[in-house]
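Engineer: Fold the stuff below for me.
(one chain, ligands or ions: 1)
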Amino acid sequence: MKNYSIWQDFKRNDLKKLNKNIECDILIVGGGITGSSMYYHLHKKFKTILVEQNKIGDGVTSRSTGKLTFMQNDLIDKIRNQSNEKASLYIKSQIEAIDIVKKIVQEENIKCDFEKTESIIYTDKDEEIVKLKNMKEFLSKNKIKIDSCNLDLIKSKYAIKAFDTYMFNPSLFVYNYLKNKENVYEDTKIINIKRIKDYYFCYTKDYNIKTKYVILASHYPYFNIPYFFPIKSYIEKSYLMAGSKRNNPISLISYSSPFISIRTYKNKMVYLSNSNNSYNNINDTKNFDDLIKKASDIGLFPSYLWTNTDIMTSDNLPYIGMIKENMFIATGYNTWGLTNGILSGKIISDIINNIKNPYINLFNPKRVNLKKELNIVTNISKNAVAYINGLIKHNNNHICTHMYCPLIYNKDENTYDCPCHGSRFDINGEVIISPANKNLKVNDK
Ligand SMILES: Cc1cc2nc3c(=O)[nH]c(=O)nc-3n(C[C@H](O)[C@H](O)[C@H](O)COP(=O)(O)OP(=O)(O)OC[C@H]3O[C@@H](n4cnc5c(N)ncnc54)[C@H](O)[C@@H]3O)c2cc1C
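Structural biologist: Reported below is the predicted structural model:
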């Protein structure tokens, strides 16, 4: 059994590390899907540097299900609760993102097992049939070809499918795109950012980068940015496995939480089950046992097991844009960051190039509304619950270096995980997933 993701299982060469002070127009912090799209959209016109604290394409991106689709469970309906216009614009943005991936794959000849597939949303609950029928109608109105369908693989009461959607291996996409690019550095962590006159100075342990623009493509923004991100968002944790099973190419997801998401990859199948949020479900072994039991119902047995977390926002829309002068963020993807991460590169490049972009307002990271204020309260209490759970159930002294939540030892993957904001540390205390920026001290481990 491999306790890492199926996408991480490929042979890679180490890329270069930053070894001098350097000056550029644009610094991208983070080498995941978001950083790769930023680089693609900006490096031809500006001197652009990308730094990655660990390995390129090995963060949250490498632990996803690798689907490129607008068939995003009940997310479209959640956005429709705000307005149909917003939901239509969001769908349009996701289609545009898929087209961008298509273009990058072709232009750069990237080997990443990119394949077209039907995407299905299904329900096994009577009360959701009408919701899915309404969603089908709404998608049709948005000029999307959509049908109802039957499923053999999994028990369902109603299902709808769309056609122009894709799947790929997300780590191969990011790694193969960035591996030969000139100004891309691995094992280079930004530990501090200071604004001095018209420039940002971004510091690694040994060197600094002077830049006009800085883009935090680090999954979770930090570095003292305004607008209270730790309390404006929460994290959702999922448990995933992959095993051998032949099936026609398929990509499907349940309509509502707790989600089941399945996709094929060559002669294998990836199966995801989510735990709603990470605050209440901190027993990883039990959650893995539940996942394995559910997958065995379709004759799937694990050869890879892993977990992943993503950042959820109170209005189900990402935060993409300028957060303070010449500093940008792209985050809060609500578990659909392969499309939204790609899109963020286009949006931020348009802002820097002074080009009108239809999604700037929709994803404005400074937006606030009443609903959000309420969520802030909810998220504070969720964090408090996580904090207390950590203390009581785990009675430990492993404290996250981000905002001091007690860490939980995930014995299945041999990591220390933060239930509050999703930071993860390897067994030696090194940060593998941000927002934590500092490793654990030796005596914290
Ligand atoms: C279970 C699960 C399944 C998902 N499946 C899908 C899917 O099928 N389709 C979809 O569209 N979305 C999916 N998502 C969402 C998607 O995977 C993420 O939203 C997306 O990968 C985030 O990409 P990113 O580049 O922002 O983050 P990352 O991939 O984490 O990249 C950020 C990088 O920044 C680096 N970094 C952080 N701090 C620093 C620093 N100080 N200095 C230098 N580097 C730093 C990190 O090491 C990391 O490599 C899924 C999410 C989950 C949780």
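
Engineer: Around the ligand, pick out the residues from the stretch 51-200 of the chain.
Structural biologist: Contact residues, the stretch 51-200 of the chain versus the ligand (Cβ under 6 Å from any ligand atom): 51-54, 58-61, 64-67, 189-190. Bear in mind the C-beta positions are built from the backbone N, C-alpha and C, glycine included.

Engineer: how near is G35 to S140?
Structural biologist: According to Cβ to Cβ, to the nearest Å, G35 stands 36 Å off from S140.

Engineer: residues contacting the residue in the stretch 301-445 of the chain that the ligand sits nearest to?
Structural biologist: Going by Cβ to the nearest ligand atom, the ligand is nearest to G337 of the stretch 301-445 of the chain, at 1.9 Å. Applying Cβ atoms under 8 Å, 6 or more residues apart in numbering, we find G337 in contact with I33, T34, V60, T61, S64, D310, P318.

Engineer: So what does the residue lying closest to the first one once chain neighbours are set aside have for phi and psi?
Structural biologist: In space, I33 comes closest to G341 once its chain neighbours are excluded; the distance is 3.8 Å by Cβ to Cβ, 6 or more residues apart in numbering. For G341, the backbone dihedrals are phi -60, psi -40 (criterion: degrees, to the nearest 10).

Engineer: re earlier: rebuild the contacts of G337 as CSV, extending it with neighbour count and pLDDT.
Structural biologist: Below are the contacts of G337 laid out as CSV (neighbours: other Cβ atoms under 10 Å; pLDDT from 0 to 100):
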residue, neighbour count, pLDDT
I33, 32, 98
T34, 34, 98
V60, 26, 97
T61, 28, 98
S64, 27, 98
D310, 23, 91
P318, 28, 96
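
Engineer: which one among these gets closest to A97?
Structural biologist: I33 (10.1 Å; Cβ to Cβ).

Engineer: show me the contacts for the closest one.
Structural biologist: Per Cβ under 8 Å, 6+ apart, neighbours of I33: G57, T61, P170, F173, V174, G337, L338, G341, I342.

Engineer: Quickly note the distance from the residue nearest to the spatial centre of the chain to K346.
Structural biologist: By Cα atoms, centre = their mean, the mean C-alpha position of the chain lies nearest to G337, the distance being 4.3 Å. Counting by Cβ to Cβ, the gap from G337 to K346 is 14 Å.

Engineer: looking at this, T307 is in a strand?
Structural biologist: Yes - the assignment for T307 is a strand, going by DSSP: H, G, I helix; E, B strand; the rest coil.

Engineer: What number of neighbouring residues does it come out with?
Structural biologist: Counted with other Cβ atoms under 10 Å, residues neighbouring T307 total 24.

Engineer: next one: N19
Structural biologist: 10.

Engineer: Quickly find the element holding it.
Structural biologist: For N19, there is no helix or strand it lies in under DSSP states H and E.

Engineer: hang on, it packs against T204?
Structural biologist: No - N19 lies out of contact with T204 (Cβ atoms under 8 Å); the separation is 10.1 Å.

Engineer: Please list the members of the contacts of I33 that lie in helices.
Structural biologist: P170, F173, V174, G337, L338, G341, I342 (DSSP state H).

Engineer: Just list the residues touching the last one, thanks.
Structural biologist: Read that as I342. I33, S37, A97, I100, V101, I104.

Engineer: Scan these and report the most crowded one.
Structural biologist: Busiest of those [other Cβ under 10 Å] is I33, holding 32 neighbours.

Engineer: Would you mind measuring from it to S296?
Structural biologist: 31 Å.

Engineer: Spell out which parts of the stretch 201-350 of the chain neighbour the ligand.
Structural biologist: 217-219, 238, 240, 272, 308-310, 333, 335-339, 341.

Engineer: hang on, the earlier thing: state the distance from the residue nearest to I33 to S140.
Structural biologist: 28 Å.

Engineer: which of these two has more neighbours?
Structural biologist: G341 (30 against 13).

Engineer: and that one, what is it in contact with?
Structural biologist: G32, I33, T34, S37, T61, A217, A330, Y333.

Engineer: let's see it at 7 Å
Structural biologist: Taking Cβ atoms under 7 Å, 6 or more residues apart in numbering, we find G341 in contact with G32, I33, T34, S37, A330, Y333.

Engineer: which residues in the stretch 201-350 of the chain form strands?
Structural biologist: 208-216, 233-244, 251-254, 260-265, 268-274, 304-313, 319-324, 327-331 (DSSP state E, counting those that start in this stretch).

Engineer: got TSV for those strands, with distance to E430 too?
Structural biologist: Converted to TSV, the strands of the stretch 201-350 of the chain look like this (distance: least, Cβ to Cβ, whole Å):
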stretch	distance to E430
strand 208-216	20
strand 233-244	20
strand 251-254	33
strand 260-265	29
strand 268-274	26
strand 304-313	17
strand 319-324	27
strand 327-331	22
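
Engineer: Kindly compare burial across those and name the winner.
Structural biologist: strand 327-331 (a mean of 26; mean count of other Cβ atoms under 10 Å).

Engineer: Which neighbouring elements make contact with it?
Structural biologist: When contacts are defined as 3 or more Cβ pairs under 7 Å, 6 or more residues apart in numbering; DSSP states H and E, strand 327-331 sits against strand 208-216, strand 319-324, helix 337-352.

Engineer: which ones are touching the residue in the stretch 1-150 of the chain positioned nearest to the ligand?
Structural biologist: In the stretch 1-150 of the chain, the residue that lies nearest the ligand is G32 (2.2 Å; Cβ to the nearest ligand atom). Residues near G32 by Cβ under 7 Å, 6+ apart: G57, G59, V60, T61, V174, A217, H219, G341.
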